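Student: Got a sequence here, can you model it:
(4 chains, ligands or ions: 4)
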Amino acid sequence: MTQAYPPVLKLTRISRSFGKVKAVNNVSLQIDRGEVIGLTGENGAGKSTLLKILAGIERPDEGTMEINGKVANFRSPNDAFKAGVGVVHQEQSLFTNLSVAENIEQQNQSRMGLERFGFQNWKRINADAAAVLKKIGVNLDPKARVGDLSFVDRQMVEIARAVCVEPGGDGTPLIILDEPTAVLEQAEVEVLEREILKLKKFASVIFVSHRLDEVLRICDRVLVMRHGVLTSDRSTEGVTKDELFKAMVDDAPTVSTHARSSRPIELKPAIEVQGLTMKGKFRDISFAAYPGRITALVGTNGSGRGRIMRALFGAEEFDGGTIEVAGKPVHNWSIRKAVAAGLAYVPAERKVEGMIGGYSGTRNIALVHPGEAARGQILRPGKMAETAQSWFDRLDVNPNNIKQPLDQFSGGNQQKVVLAKWLNSSDLKVLMLDHPLRGLDVGVSQAVNAEIRKACDHGTAVILIPDTIEEALEMADEIIVLRDGQLSARHDLSVASDLAIKEIVAEMV
Amino acid sequence: MTENTAQSSAFTAKKASGGDMAFLTKLREFSAWHTVAPPLVFFAMLLVVGVFNSNYLGPLGISIATASAAPILLVALGQSMVLNIGSIDLSNAAISLVGAILLAMTIPAFGVGAMIAVLALLTVIGAINGLILAYTHVPSFALTLGTLGILQTTALVVSGSETIYLSENRELVTTLYSAKLFYIPLTFWMGVVVAVAYWVLLRLTRVGQNMTAVGKNESGAILSAIPTKWVKVIAFAISGFTGGLAGIAIVAQAGSASASGLGSALLLPGIAAALVGGTSISGGLTNPLNVVFGALTVAFVPIAIQAIGFNAAAQSLVYGIFIIAVVTLTTTRTRGLVIK
Amino acid sequence: QAKIEHPEGFNPDEWVIVASVINTTNPYMISNIEGAEAMARATGIDLEIVNSNNSSQTSISSILAILASGKKPIMFVNTVASSDAPPIVDAVKQAGGYVTIWWNKPDEFKPQHIGDNFVAFQKHTGVDSGRCGAQALADALGGKGNVILLPGVQDSTTSKTRVAGFKAEINENYPEITILEERPSNWDPQLGARNAKDLIVKYGDQINGVWSADDGMQIGAMQSFENAGMLDKVKFSSDGLYPKTLEDIISGRGDNAIVGETFHRGYMASAIGLYTAYLAASGQIVPSELEDNKRESFFKLSCVTPANYEQYLQYDEPGAPDAFVERLIETGPWDTEPVPLIGGGVEVLPES
Amino acid sequence: MRNLSIKNLSGPTGILAALVVLIVLFSLLNPRFASVENLQNVLFQVSVPLIIVVGTSLVIQMGSIDLSVEGVMGAAGMAWILLSPNTRLEGDIGVWAWFVALGLGLVLGLITGAIYAKLKVPSFVVSLGTWYVGLGIAILLYGNALLPSLTSEALARWPTQLTLGLPNCFWLAAVILAAGVFVSHYTKFGRGLMAIGNNEPIARSNGMPVDRYKIAAFAIAGTLCGLAGILATMQLGSGSPDIGFGQLFVVIPAAVIGGTALSGGEGGVIRSAIGVFLLIILNNGLVLAGVDPDYQSGVFGMILLIAVIAVAWPQRGRLKVAK
Ligand SMILES: Nc1ncnc2c1ncn2[C@@H]1O[C@H](COP(=O)(O)OP(=O)(O)OP(=O)(O)O)[C@@H](O)[C@H]1O
Ligand SMILES: Nc1ncnc2c1ncn2[C@@H]1O[C@H](COP(=O)(O)OP(=O)(O)OP(=O)(O)O)[C@@H](O)[C@H]1O
Ligand SMILES: [Mg+2]
Ligand SMILES: [Mg+2]
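Tutor: Numbers count the residues shown, from 1 in each chain, chains lettered A, B, ... in the order given. Ligands and ions are numbered 1, 2, ... in the order given. Down below sits the predicted model:
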């Protein structure tokens, strides 16, 4: 690191509180040219808030911020953008009704010199966008409608947009990536890592992730936050995961290893599919999920896992094949029938599909299986609160306030409540989860996994779409590998002793 | 229609504290404001008018305000139930007018039986709106605009373009208007009872909970196995039913009914009353009890204008200003709610 | 400037004169207001104008608001719709006031049944108006030709009676006049214009005459025919003799396109109505003792043609309302030219 | 999110198809429907709502709604005729009348927008308020003098005169329409409206001047309503506070039918324009087909229903959100 230049970013005693919560508490740090900084910490530790301050979305209550040696107090995201700070937000922030190019060029049309009259020069916009996409090695049609892209492609658009920043003078751009890998699959993560290393050449990067080995792999330095405080700031050489854990949580989580259920396969499957087919998405999928066992569907994005799951849950029509629940074949299958038959589905897109954000935890939990909390149509507020409270305590949801609207919770805690909603059922036959750990920190992930296993032990069949293959290996009794819509392999882990990740990846692509 | 994600709450929260007008920021932070505003605003208006004419502070004011508010209230209650699931019902005022005509035609012969039959019929009409919405995915605005047209014709044809006058069994309904309990006509009490009922429905039953869920996030509701289609049918059926009650209130007041008579201009006041009552036009948020005061306010504005004695030609102008002022004071400005 | 001697025991300060009109921009309504103002001047009683803004609810609420003022009303109401009459009358009765309803009420809802507070229901008969229009138009066409009709709001009694009168006259006396089509135009000039335009397209120069249920719609219709360059080939007749219409007659617009009108003035209606109510309020008449046609009354309206319009100009002179009130006080509500009482009861529609 | 996003409920193809079907149908019912006069007649009738709908759809694209149409038209139309050569014989200020009238529309629009954007009051009610404010202004201007009608032949004739076979008023509308298309497709502002309609919080977080855009959109809508008011007054040849009567329930349905989702972010000016044609032709056709007046609004409603259902049918889906 040459010191000829001023630091790209210098924070001194930055603080920001929301009401009682001190989201960012007296944080000071410095980032130099070409550095890639990892930032990690529990859900709710304050990472995003800190980044929002850098991005000019939140204003610090106290403290000063210098970018490329200039004191910066951003009044708007545009100021930050002009100063050379580009952000990929944790929640995707694209306009789904506009084109890829428009989204990318959204903020920096200043470069088009037509700004003053505000005219759109489509040729120019599309060309620029195409150039940017090329620069980060993604091939997407700039004219495509973002709403029609898959989750991951949208993520790429976000990154492309962030990379557009052009700080004045000889300043260095600061690219901020808030959990960019959370929604990515193995393959894409590798693409992204290579991309970040390219960014190194002309920019400094802040990279937020809950996956520590990722952080250790690509970052020069790693910062850890806890309860808004910066608890550790050290070079990645010679740091161990455990040390980071310690900095992250008050007591390092006890990594529990899951005793594989030794139940015999002869057991009647909870759900079984034969030759399930959806034109253009997947075809001839056959497998079964057994009570007390976890079946993982792995594959690259677009491999069809998500859709298969949605089809099983009755959320999407399928063209061919049969589904049998508890031995009985189902006819004109629908979500309501599925749930009545004891199926549950935790969608990948938590905020949009998984929960009613405006509703409190209490109501969200009473929504599907109110159990005690409802007599027929009549709700019993007392019982509702009781039920909710017991779940909040059991999953230790934080803040432990059953009345607060769910969309004011951090992702991890939202996921806990979503789980509770389904687990509150008296007899849950099949639990299906699409990327349940997406965006969750280590601690919360442990908690969620524990719940999934508990359900399993109570005789529920679990079908899981994991974020990573490690996750699959850790959790699953059986792994089913999909390659572009077809079943390419299956591994019974209770038999196959040690299975190499490489193998599976090979079967995926 | 609402984007109410955690993220949006973050942004608009910032907006709030970075606020535009100091006192409004205060209002927004005092999140309970929108629950107390509707009554406050109404009584404030009553007080102001009382300054010009003390009679309004007495029973008289109350009885006049409530008497004129009754039909608006009932239409507004139905409307807010539909707004709550994120849709809108442009046909419910027309439903109540058709209802009024049918009642005026049938009550002389069948008395109470007629009321029940008509209410049932209108509930079905509402339900049909809901069914079409649920199964064809036509936006409710366009859909109910179509039914509005059909109902207008129905009103004309059924009434034979005549004014239907209640001769037999007249007092059976008119007493609902003339008979007063604490100076308040029964038609208005009817509205109050319905408001309470709907409040209970929304807060204490699964159907109600599901309705609001659909209004807040339909995708989430669908994937939580909520019977969204039924929810819609029920909401619109309720709108039809309440429209029918409004029809009764109209006949009770006029003792007669006609296609372009009393009740033919209830649509916009109804929606306005719902909004003044703190209902969000984006769905997922309503409080029937406050709609009561929304209706009172909206109905009281023209009375206030007349009572304060503005020049007849200036009344429209003043009316407009009143409406804006009132709503500015009563709108819900919850954190993270995108105002459309 | 007329001045009324109040009888013993009548204290003007206890009373308020109220005139409720459908809106404040239609020339007829404006004239209603002028009549009420004249009455107020003559009686020295305060005046309140109610602007219904075309809404029954507003009309009723506002009237209630005035009743709340504590004074007893002497009221003239030009109802927005027939069904407004009952609630208004009930309210006035409770407030101990006296009301005359003009133009619209349910047929079965009779002053005789309600009592003295509902002094009278008064109107110009629509049938006569329709007949005037028909005669003028048919004669102008030489008894032969095709006409189109622009009625007002479909379920308004006024419009329906006028249409019925027009059709009856044609059927009875003008066998060679054909009615091509009727398109209700809600008393709305623009809708009148639009419908006229569509009918022009539909029938082209088959159309020889146009009858509208009031001058507002006729103004619109004439504009459409002018735009289509047909104004000098087509004849028009209508009801109300609005100032604008008068101009067109005088100027002979479109080769004397307007061939027939009816004459009656808003100020006459409101003055008669209010004066009747005043007489009841001041005990000078006891409504229940009046014969029926003074409780449900028809007042004369005159057929106007380009030949005889001059004789009506006097009634539009400045100060005409006061002059009319003066004569009204001399001759009483039922015998004042040009609008004396000519009959009563419920208007019966001729067979056609 | 694919099939969860509120798709624009009627592709222009669907709505165009509906339009074509209607035209064929009506031509069969009455040959005169397809005549040149009727073409001119329809173009004459669409021109006013076309002008309005440009503003309306800009507003709806950002997820708001503007009900003030009829009031603003009344105010502007009345101001214009009273300041132009008219039968009241005073106050003619020539071309300045245009500036005053359009200015009035602009101001009313600004007020609506400002209250909506700055005081966070739902546009639905604010514009309901400004509707009455506009109407009130018109009524006050009208006073109780005699009905003002245009004395200048030139002005009164202008809308109907044909240029290249089409009435001038339509050309005016066409120009406005073109401008509208340009604004919404080729300006940052226009795209901004779409963005706001799609996701306002993100628009804000991207530093878009959301409030200014909102106000601007309403200002444009107001001005266009002003223009429409003037044109309507010209067409009628005389002034009336109710000059805009019934327009609201043409333009908003038109926008909706055209697929400009009320939730914002979808549709566009052209689609709304097609919607206008659909509605006007529907009415015109019903008259020419000689449908009994009693049943006209009913048949209107029926056809409207069938049209929108036909258009929405293909987009049905399990996870489809229907508001
Ligand atoms: N707009 C807001 N209003 C109130 N509290 C907030 C707001 N934004 C964040 N918080 C709170 O501030 C704390 C930090 O939140 P933040 O999103 O920065 O955590 P995080 O480290 O990004 O968590 P995650 O890893 O889940 O993204 C949390 O307690 C959160 O609830
Ligand atoms: N119908 C849908 N609505 C919304 N999102 C969807 C839908 N189907 C899939 N997705 C999400 O879009 C992304 C790509 O979907 P696609 O079906 O192409 O791949 P997939 O393999 O089924 O999904 P996944 O990545 O979960 O395996 C995934 O994140 C998936 O969760
Ligand atoms: Mg975060
Ligand atoms: Mg996925």
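Student: residue contacts, residue 136?
Tutor: No chain specified, so I'll use chain A. A:156, A:159-160, A:163, A:195, A:198 (C-beta atoms under 8 Å, 6 or more residues apart in numbering or on different chains). Placement of C-beta: from N, CA and C, glycine included.
Student: I was thinking of chain B, sorry if that wasn't clear
Tutor: Neighbours of B:T136 in contact, by C-beta under 8 Å, 6+ apart: B:143, D:309, D:312-313, D:316.
Student: B:Q209 too?
Tutor: A:363, A:366-367, A:379, B:202.
Student: run the last query once more with 10 Å
Tutor: A:356, A:359, A:363, A:366-367, A:370, A:374, A:377, A:379, A:384, B:201-203, B:226, B:231 (C-beta atoms under 10 Å, 6 or more residues apart in numbering or on different chains).
Student: Which of those fall in helices?
Tutor: Within the contacts of B:Q209, residues falling in helices by DSSP state H are A:363, A:366, A:384, B:201-203, B:231.
Student: rewinding a little: turn the contacts of A:I136 into TSV, columns for pLDDT, secondary structure and distance to ligand 2.
Tutor: Formatted as TSV, those follow (pLDDT from 0 to 100; DSSP: H, G, I helix; E, B strand; the rest coil; distance: C-beta to the nearest ligand atom, whole Å):
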residue	pLDDT	secondary structure	distance to ligand 2
A:M156	82	helix	13
A:I159	83	helix	16
A:A160	84	helix	18
A:V163	79	helix	23
A:E195	77	helix	20
A:K198	78	helix	25
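Student: of these, closest to D:A221?
Tutor: Nearest to D:A221 among the contacts of A:I136, counting by C-beta to C-beta, is A:A160 at 34.9 Å.
Student: The closest one touches A:V132, doesn't it?
Tutor: Yes. Counting by C-beta atoms under 10 Å, A:V132 is a contact partner of A:A160 at 4.9 Å.
Student: Return every residue with contacts to both of those two.
Tutor: Common neighbours of A:A160 and A:V132, counting by C-beta under 10 Å, 6+ apart, are A:100-101, A:104-105, A:138, A:142.
Student: okay, the residues you listed in TSV with pLDDT and distance to C:L180 next?
Tutor: TSV is the format used below for the shared contacts of A:A160 and A:V132 (pLDDT from 0 to 100; distance: C-beta to C-beta, whole Å):
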residue	pLDDT	distance to C:L180
A:V100	88	60
A:A101	86	59
A:I104	84	63
A:E105	77	61
A:V138	77	69
A:P142	84	60
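Student: And the spatially closest residue to C:D188 that is not a sequence neighbour, how close does it get to ligand 1?
Tutor: With C-beta to C-beta, 6 or more residues apart in numbering or on different chains as the criterion, C:D188 has its nearest non-adjacent residue at 5.9 Å, and that residue is D:F245. Per C-beta to the nearest ligand atom, to the nearest Å, D:F245 is found 47 Å from ligand 1.
Student: mind checking how far D:F245 is from B:A197?
Tutor: 38 Å (C-beta to C-beta, to the nearest Å).
Student: quick one, phi/psi of A:S232?
Tutor: Note on A:S232: its backbone torsions stand at phi -160, psi 140 [degrees, to the nearest 10].
Student: And for C:G229?
Tutor: According to degrees, to the nearest 10, C:G229 has phi 70, psi 30.
Student: what does the one 5 residues further on give?
Tutor: Dihedral pair for C:V234: phi -120, psi 140, per degrees, to the nearest 10.
Student: Please list all residues in contact with it.
Tutor: C:V234 sits next to C:141, C:145, C:147-148, C:196, C:200, C:205, C:207-210, C:221-222, C:225-226, C:228, C:254-255, C:257 when contact means C-beta under 10 Å, 6+ apart.
Student: For stretch A:181-189, give the distance from the opening residue to the closing one.
Tutor: Chord length of stretch A:181-189, first to last residue, is 6 Å (C-alpha to C-alpha, to the nearest Å).
Student: quick one: low-confidence parts of the stretch 101-250 of chain D?
Tutor: The model of the stretch 101-250 of chain D has no residue with pLDDT under 70.
Student: can you give me the helices in it?
Tutor: Under the criterion DSSP state H, counting those that start in this stretch, the stretch 101-250 of chain D carries helices at the ranges D:123-142, D:153-157, D:168-186, D:188-198, D:200-205, D:210-236, D:248-257.
Student: so which strand or helix has the residue of the stretch 201-350 of chain A found nearest chain C?
Tutor: Nearest residue of the stretch 201-350 of chain A to chain C: A:R336, at 43.8 Å (C-beta to the nearest C-beta). For A:R336, the host element (DSSP states H and E) is helix A:335-340.
Student: Counting neighbours, which bits of that helix end up buried?
Tutor: Neighbour counts over helix A:335-340 (16 or more other C-beta atoms under 10 Å in any protein chain shown) mark A:335-336, A:338-339 as buried.
Student: sorry, back to before: what sits against the residue nearest to C:D188?
Tutor: Contacts of D:F245 by C-beta under 10 Å, 6+ apart are C:54, C:186, C:188-191, D:70, D:73-74, D:232.
Student: gap between C:A280 and A:A45?
Tutor: From C:A280 over to A:A45 (counting by C-beta to C-beta), the distance is 84 Å.
Student: scratch that, C:E296 is what I was asking about
Tutor: Counting by C-beta to C-beta, the gap from C:E296 to A:A45 is 85 Å.
Student: These two: which is more packed in?
Tutor: Each of C:E296 and A:A45 has its neighbours counted (other C-beta atoms under 10 Å in any protein chain shown); A:A45 has more, 25 against 21.
Student: near ligand 2 at all, the strand or helix carrying A:F287?
Tutor: Here A:F287 sits within strand A:282-289, counting by DSSP H and E. No. Between strand A:282-289 and ligand 2, judged by C-beta under 6 Å from any ligand atom, nothing touches; the nearest distance is 7.8 Å.
Student: residue contacts, the residue lying closest to B:L245 once chain neighbours are set aside?
Tutor: The shortest distance from B:L245 to any non-neighbouring residue, by C-beta to C-beta, 6+ apart, is to B:L74 (4.8 Å). Applying C-beta under 10 Å, 6+ apart to B:L74 gives the contacts B:92, B:96, B:187-188, B:190-191, B:194-195, B:241-250, B:266, B:270, B:273, B:291, B:295.
Student: part of a helix, is B:L74?
Tutor: Yes. Per DSSP: H, G, I helix; E, B strand; the rest coil, B:L74 lies within a helix segment.
Student: ok, it to A:A72 distance?
Tutor: According to C-beta to C-beta, B:L74 stands 58 Å off from A:A72.
Student: One more: B:G113?
Tutor: For B:G113, the distance to A:A72 (C-beta to C-beta) stands at 77 Å.
Student: more neighbours, these two?
Tutor: Neighbours per residue, other C-beta under 10 Å: of B:G113 and A:A72, the larger number sits with A:A72, 19 against 11.
Student: Go ahead and confirm the more buried one touches A:A83.
Tutor: Yes. Between A:A72 and A:A83 there is a contact under C-beta under 10 Å: 5.6 Å.
Student: which residues are in contact with both of those two?
Tutor: Common neighbours of A:A72 and A:A83 (C-beta under 10 Å, 6+ apart) are A:54, A:56, A:65.
Student: among these, which one has the lowest pLDDT?
Tutor: Looking at the shared contacts of A:A72 and A:A83 by pLDDT, the weakest one is A:G56, with 86.
Student: near chain C, which residues of the stretch 1-150 of chain D show up?
Tutor: Within the stretch 1-150 of chain D, the residues that sit near chain C (C-beta under 10 Å from any C-beta of the partner chain) are D:30, D:32-33, D:35-42, D:44-45, D:48, D:74, D:78, D:87, D:132, D:135-136, D:138-140, D:142-150.
Student: Of the residues you listed, just the buried ones, ChimeraX syntax please.
Tutor: Of the residues of the stretch 1-150 of chain D next to chain C, the buried ones can be selected in ChimeraX as follows, counting by 16+ other C-beta under 10 Å:
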select /D:30,33,35,38,39,40,41,42,44,45,48,74,78,87,132,135,136,138,139,140,142,146,147,148,149,150
